[in-house]
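1. what shape does this take:
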Amino acid sequence: MKINEPVTDHEVVMKDGQFIVSTTDRKGIIRSINRDFIEISGFTSEELVGRNHNLVRHPDMPPEAFEDLWRTIKADKPWIGVVKNRCKNGDYYWVKANVTPMREHGQVTGYMSVRTKPSRQEIEQAEALYQKLRTGEVSLRPSGFKRIRQSLGNLGSSGYLNLLLVVSVLAMVGIAGLAYLGTDLYILAATIAGVSLFFAGAVQALKKYISRPIAQAITAMQDIANGEYFNWVETHRDDELGKLIQNIQSAQIRLGYEVNEIRQQANSLSRVQEALRSVSANVMIADQDLNIIYLNDAVKEMMRNAEDDIRKELPEFDSSKLMGANVDVFHKNPAHQRGMMERLQESFTTDIELGGRFLRLTANPIINDQGERLGTVVEWLDRTSEVAVEREIQGIVDNALIGNLTERVSLEGKEGFYRKLGGSVNELMQILEQVINDTASVLGALARGELDKTITTEYEGSFARLKDDVNTTISNLNRVIGSIRTSADAVEHASQEIAEGNADLARRTELQASNLEETASSMEEITSTVRQNADNSRKASELAGVTLNQAVDGGTVIQNTITAMEKITDSSKKIAAIISVIDDIAFQTNLLALNAAVEAARAGEQGRGFAVVATEVRNLAQRSATAAKEIKELIEDSVNKVGEGSDLVDQSGKTLEKIVSSVKKVNDFIAEIAAASSEQYAGIDQVNQAVSQMDEVTQQNATLVEEAAQTSQMMDEQAKELGELISFFKTDGANSHQDGVERRSADRPWSGHQAPAELDFANARTRHKLWKTRLRAFLDGEESMQEEEAVSHHDCDLGKWLYSTGMPQHGGMRKMQELERIHAEMHTLIKQVIQAKQSGDSKKAESVYNRVERYSDQIVSLLEELEKETGAAASQAPATEPPAQRVVSRPRLQAVGADDVWDEF
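-> Okay, the predicted model is just below:
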C-alpha cells in the first residue's frame, strides 16, 4: 500500500454542506475533481488530475478498508464508509465517502466518489474500527453465519414466496392427510395453529425482507423527489430488492452530485446574473437569432437616459420594449449589422453616434464546450460624458501646447472616474503651472539679475530633478558670477595698474626714444664729422704728400726763380736800355711832329689835315715818352725789387727747406691722424648703426607701449563695463562677491590628486546634485556610464578631505562620523546601480537609486550642518598667527563635465 508522508496531528474539518467530489477511471486514476476537493486537500488541479487516487491516502487507513472498497465497487455495488485522508502539507481530514460505479451504455466506465462531512460519532466509530482492523481484532470479510444470512438474503422476494408456497402446500397437504386419517381434533387444531403461526412468521419475514426494503426504497425515492439526495440508503442484499436499493443508492450519489453541481452552477449563474444586474457595466445578451433575452439594470438605465436622444435618429425606439426585441432596433441598416454579428467569432468593438450620444459596443460570441454558438453578449458603454471629458481635456492640452496653463477641467456634474480624472488632470495642470511659474519666476529673476531666487516648492520625480537642476544652475551661476566679479575686480585693478605702468612706460619710452633720436642725430653728425675728418685727414695726408712734393719742387722752383730773377734783372736792364731808346725815339718823334705842325701851318688849308695828324703824332710821342718814362721807373723799381726778391727768394729757399722738413713731419702726423680717423669712423659707424637700431626698436617699443596703453585703457574700460554688467546680478549671501573672493585663494578649492586643506562646502553640495542628476540621466538611458567612474570613497575629493583633514580635526563630531559612514555606503550603492543597469535589472537599479538619493540628501544636509558648526568653531578659535596677506590670483573657471563630476562627489 502507498504510504504518503509526512503527516501532522492537525485536523482540517469539513464545512457543513461541503461536498468533495471526484471521478476516476476503473484503475483509480483521477479524471475530475471539484473546487472543494482542491481547497481542503491543498493540492492543485494539475497535481491531482491524472494521478492515482491513493495520492490523498492517509497512512492511518488500514489496507483492509480499501480492499473492502474495491471489492464492493468491482462487484458493481455502491460503497459507503468513513475515510481519513491526507492533505498536501501532512494535515488530515475525515470524510464520509460514497463511491458508486459510473455506467455508460450499460458498462462501468469509472467510479464517482461523493464525500460529505461525517459526524463526530461516525469518526470515533471509524477510528475504533480501523484500530481493531490494524490489531486484527476484527475483519471486514463476512463470517460463516453472516455469509448464511447473506445467502438467505440473496434468495430474493421470489425465493421467499416460492418457499412460502411450498411450505403452504405441504401444510395444507399435511392437514388434509391428518383429517383424512381421522386424527384427533385437538391435534388437528394444534397443527392448524402451528401452520397459522408459521404463516404469521412468514408474513413478518416477508414484511422484513420485502416490504421494509420497498418502503425504504419508496422513502428514498420520495427524498429524491423532494430534492434530498444525501439520505443515503444502505443494503447488503444482492437480490432484486437489494439491487433496487443499490441502484437507488447509486442514483442518490450521482443525482446528488449532479444536482449539487447543477445547484452550484445555478448558484454561480445566479451570482453571475446578480453580479451582471448589479455591475455598472451595461450588459445585454441576445440569443442565436439576435433576440434580446437579458438586460441588466445598468443597460436599462442607460437606455432610459439615452432614449430621447436615440429617438432623434430612431423614432420607433422604446427602452421599455427592448426585452424580447431584436438588436435590429438599434440600427438604421440592420442587415449589415446582423450579418456582421452572425459571423462574429471573436470580440468586436465599434463606436456609434445616435442623436448626439456616443456609444461604444463590445460584442462577444457565446460558445459552449461543443463549439456551438449560443448567442451574443454585448457590453454597451455610453461614452458621451467620456467624449465630452476627452474633448475638454484635449482643449486643455491644446491650450497647454500654446503655453496657456490656466485652463482647468470643470468638475461640476462629473462623478466617479470622470470626476477623479478631471481632478487628476487639474492637479497635473496645477503642478505643471506651478513648476513652470516657479521656473519662470527664477528665470525672470535671473533675467533681472537676481540670483538669490530659487525654487522652494517640494516636488517629486522629474519635477524634483527640474527643481534641482534649476537651483543647481542658479547656485553655479552664483559661483560663476562671484568668480567673474572677483575676476573683473582683479582685471580692473590690474588693468588700472597696467594702464598706469604703460602710461609711465610710454612717457619714459617716448623720452628715451626722443633722447635716442637726438643721440642718433648727434651720432649721425659725429659720424658725418668723423667721416669728414677722416676724409679730410686722408685728403690732408694726400695734400701733405703733395705739399711735400710741391715743397721739394718749390725749393727747386725757388732755385730756378733765383736764376730767373737774375735773368729778369739782366732783362730789366736790357729793357731799361731799350726804353731809353724808345724815349729818344719819342723825343725825336715829337720834334718831327712839331716840325710837321710848323710845315702844316705854313701850308694853310691844304696842310690842315696834315696838321691834325702831326698833332696826334705829337700827342702819341708825348704819351710814349711819358710811358717810357714810367716803364723805366717801373723797371728800375722792378730791378730793385727783383733784387730784393732775389734776396727773399734766397731766404725762401732756406725757409722752404725747413718747411719741407716740417711738412714731412706733418705728413707723418697726418697719416697717423688719417689712420686713427678711419678706425674712429669705423667704430663710430658701428655705434651709429647700433644707435639707429636702438632708435628703431625704441620707436617700435614706443608704438607697442602706446598700443599697450590703449589696450590697457580699453581693458580697464571693458573691466569697468564688465563690472557694471556683473553688478546687474544680485547674488545671495552664500555666494556673494566677498565670499567668492575669500573662498578662492587659488584657482579652485581643491583639484587634481591632492587633498584639500579646507573643504568648499557649497561646491561639494553642488557636486552632489550634479552627479545625482547624471546618475538619473544614466538610468533614463540619456547618458552612458561605466563602473570605473564610481571611484572609491577614499579617492574622491570629499573622501580625500575626510581622511586628510576632516576626520583628524573633526572626527569626534557625531555628524562627521555619520557623514563618513553614509559617504562610504553611498559609493557602494553607486556601483550597484551601475552594475544592475548594465545587467538589465532596471527594477533593482531604480530601487538602489532611491537609496542613493536618500543618502545624497543626507550628505547634503550633513554638509550644511557641518559647514555651520566648523565655521562657528573656526570663528571662535583664537588666532595664533597673523593673517597672511591675501593674494587674489586670476580665477580660472572650470567646466563641470562628465569627467570631473565623479571625482568630487
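2. show me the domain layout of the protein.
-> Following automatic domain parsing, one finds the domains of the chain at 1-141, 279-382, 463-726, 744-873+886-904.
3. so R538 versus K665, what's the distance?
-> Counting by C-beta to C-beta, to the nearest Å, the gap from R538 to K665 is 18 Å. C-beta: built from backbone N, CA, C; applies to glycine.
4. those two: which has the busier surroundings?
-> R538 (17 against 11; other C-beta atoms under 10 Å).
5. give me the residues contacting stretch 81-89.
-> For stretch 81-89, contacts defined as C-beta atoms under 8 Å, 6 or more residues apart in numbering pick out 4, 7-8, 12, 40-43, 47, 56-61, 65, 68-69, 92-97, 115, 118, 122-123, 125-126, 130.
6. do stretch 465-477 as well
-> 435, 438-439, 442, 446, 451, 453-455, 457, 459, 729, 735, 762, 765-766, 769-770, 772-773, 776, 896.
7. CA atoms only: put that stretch into CSV for me.
-> The C-alpha coordinates for stretch 465-477 follow below in CSV (Å, rounded to 0.1, in the frame of the first residue of the first chain):
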residue,chain,number,x,y,z
ARG,A,465,15.0,66.9,-11.0
LEU,A,466,14.0,70.0,-12.8
LYS,A,467,13.9,71.9,-9.5
ASP,A,468,17.3,70.5,-8.5
ASP,A,469,18.7,71.4,-12.0
VAL,A,470,17.4,74.9,-11.8
ASN,A,471,18.6,75.5,-8.3
THR,A,472,21.9,74.0,-9.1
THR,A,473,22.1,76.2,-12.2
ILE,A,474,21.4,79.3,-10.0
SER,A,475,23.9,78.1,-7.5
ASN,A,476,26.5,77.6,-10.2
LEU,A,477,25.7,81.0,-11.7
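8. and K27, that's in a helix?
-> No: using DSSP: H, G, I helix; E, B strand; the rest coil, the secondary structure at K27 is coil, not a helix.
9. bridged to the nearest residue in space to it that is not next to it in sequence, which residues?
-> In space, and not counting its chain neighbours, K27 is closest to N52: 7.7 Å by C-beta to C-beta, 6 or more residues apart in numbering. Counting by DSSP bridges, N52 is bridged to I29.
10. which residue packs closest to L381, ignoring adjacent ones?
-> That would be R360: by C-beta to C-beta, 6+ apart, it lies 4.2 Å from L381.
11. state the distance from that neighbour to I285.
-> Distance from R360 to I285, by C-beta to C-beta: 17 Å.
12. ok, I481 next?
-> Taking C-beta to C-beta, one finds I481 at 74 Å from I285.
13. between the two, tell me which one has more neighbours.
-> More neighbours surround I481 than the other of I481 and I285, with 22 against 18 (other C-beta under 10 Å).
14. how much space between that one and T473?
-> Applying C-beta to C-beta to I481 and T473 gives a distance of 12 Å.
15. again with V378
-> Counting by C-beta to C-beta, the gap from V378 to T473 is 57 Å.
16. look at those two and report which has more neighbours.
-> V378 (21 against 16).
17. that one is in what secondary structure piece?
-> Using DSSP states H and E, V378 maps to strand 373-382.
18. in that strand, what's buried?
-> Residues of strand 373-382 classed as buried: G375, T376, V377, V378, E379, W380, L381, D382 (neighbour count, 16 or more other C-beta atoms under 10 Å).
19. just to check, the last one is in contact with G355?
-> No: using C-beta atoms under 8 Å, D382 makes no contact with G355, being 11.9 Å away.
20. mutual contacts of those two, please.
-> By C-beta under 8 Å, 6+ apart, the residues touching both D382 and G355 are A306.
21. count the neighbours of the nearest residue to S792 once chain neighbours are set aside for me.
-> Nearest residue to S792 in three dimensions, chain neighbours excluded: H827, at 6.7 Å (C-beta to C-beta, 6+ apart). A count of nearby residues for H827, using other C-beta under 10 Å, gives 22.
22. repeat for the one 3 residues further on
-> The number of residues packed around I830, counting by other C-beta under 10 Å, is 25.
23. now it: how far from R851?
-> 10 Å.
24. equivalent analysis for T376, please.
-> Taking C-beta to C-beta, one finds T376 at 54 Å from R851.
25. go on, K868?
-> From K868 over to R851 (counting by C-beta to C-beta), the distance is 26 Å.
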